[in-house]
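S.K.: Need a 3D model of the sequence below.
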Amino acid sequence: MVFQQITIVGVGLIGGSFGLAARQAGFEGRIIGCDRPEVLAKAIQSGAIDCGEPDVGLATRGSDLILLATPVGSIIDLLEQAPIFPRDALITDVGSTKQAIVERARSVLGAAAAQRFLPGHPMAGKELSGLDQAEAGLFQNAVWLITPSDDQDISTGAIASFLELVEKMGARVMQLNLARHDRLCAWISHLPQMIATALGATLEEEFGDDPELHAIGGRALREMTRIASSPYSMWRDIALTNTVNIQDAIFRLEQQLSYIRENLKTRGLAEEFEKAQKFRHT
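M.R.: Now for the predicted structure:
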């Protein structure tokens, strides 16, 4: 199938980049954005969308692909409105956690969820959000995770067409089950954010705006705290919907840090460095 009209609900970093990337990949249909009026005006000017509509019911009318590109909590709320979306449209999302989103989709769509909803998560982003950060090349060489159900055929129809479009954007599609997705993302995405946030907050408490610390802080400090710039609004819903996995990852890291603290003068510290280097170079 060839999509004729795409609606992007949430024209921020990911949604805006999707629109720009779709155009660059050769999509010739119509792209409609759904967001606040001021965001839609900027999105039209940037070329991310052709036109905008703040009302989700009107914005999705006539579309055969609907991308929910809002924070996780908003995606869950938007799925409540799925019954008003065109019945032959493929609905997909970009949420960083999947279990809660899929549960809501199944409760709203029932048996039709396998045909109408494909859970997705592009592993692409920046420490700052918003349309101003959007770019057509955001998905180049990125992994686009999908967590289809066991009875979902991803090789034909609208799903296959969507995945083909994603690959034309330069992304690599990878399939995971729900539980593994949320556990892995807790470790590779959510935990690093919490580490950067904890480090940045601790430095702020300990040193504040100490000019000497900021003057001598080099590349290591900048790299370790880069994503500490991410706003709470980006991460609140992730923490709420993947709490147990994130807690488990933080607890495991706490154990490792305690071990390192207790072995600063022993061979144990060298062994930790060796394990870390092995992971880094795998």
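S.K.: OK, contacts around residue 238?
M.R.: 72, 96-97, 190, 246 (C-beta atoms under 8 Å, 6 or more residues apart in numbering). In short, each C-beta sits where N, CA and C put it, glycine included.
S.K.: same check, this time on residue 125
M.R.: Neighbour list for residue 125: 13-14, 138 [criterion: C-beta under 8 Å, 6+ apart].
S.K.: Try it again at 10 Å.
M.R.: 13-14, 17, 94, 96, 133, 138, 142, 189, 227, 230, 234 (C-beta atoms under 10 Å, 6 or more residues apart in numbering).
S.K.: you'd agree it is in a helix?
M.R.: No - the assignment for residue 125 by DSSP: H, G, I helix; E, B strand; the rest coil gives coil, which leaves it out of any helix.
S.K.: pLDDT wise, what is it at?
M.R.: Listed pLDDT for residue 125 reads 80.
S.K.: before we move on, the earlier item: what's the closest of the contacts of residue 238 to residue 171?
M.R.: Nearest to residue 171, judged by C-beta to C-beta, of the contacts of residue 238 is residue 96 at 15.6 Å.
S.K.: Against residue 17, how distant is the closest one?
M.R.: Residue 96 sits 15 Å away from residue 17, taking C-beta to C-beta, to the nearest Å as the criterion.
S.K.: domain assignment for the chain?
M.R.: Here the domain assignment for the chain is 5-176, 180-280, based on automatic domain parsing.
S.K.: Can you tell me which of those domains is most buried?
M.R.: Of all these, domain 5-176 has the most neighbours on average by mean count of other C-beta atoms under 10 Å, namely a mean of 19.
S.K.: Including pLDDT and secondary structure, could the contacts of residue 238 go into TSV?
M.R.: Converted to TSV, the contacts of residue 238 look like this (pLDDT from 0 to 100; DSSP: H, G, I helix; E, B strand; the rest coil):
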residue	pLDDT	secondary structure
72	96	helix
96	96	coil
97	97	coil
190	97	helix
246	98	helix
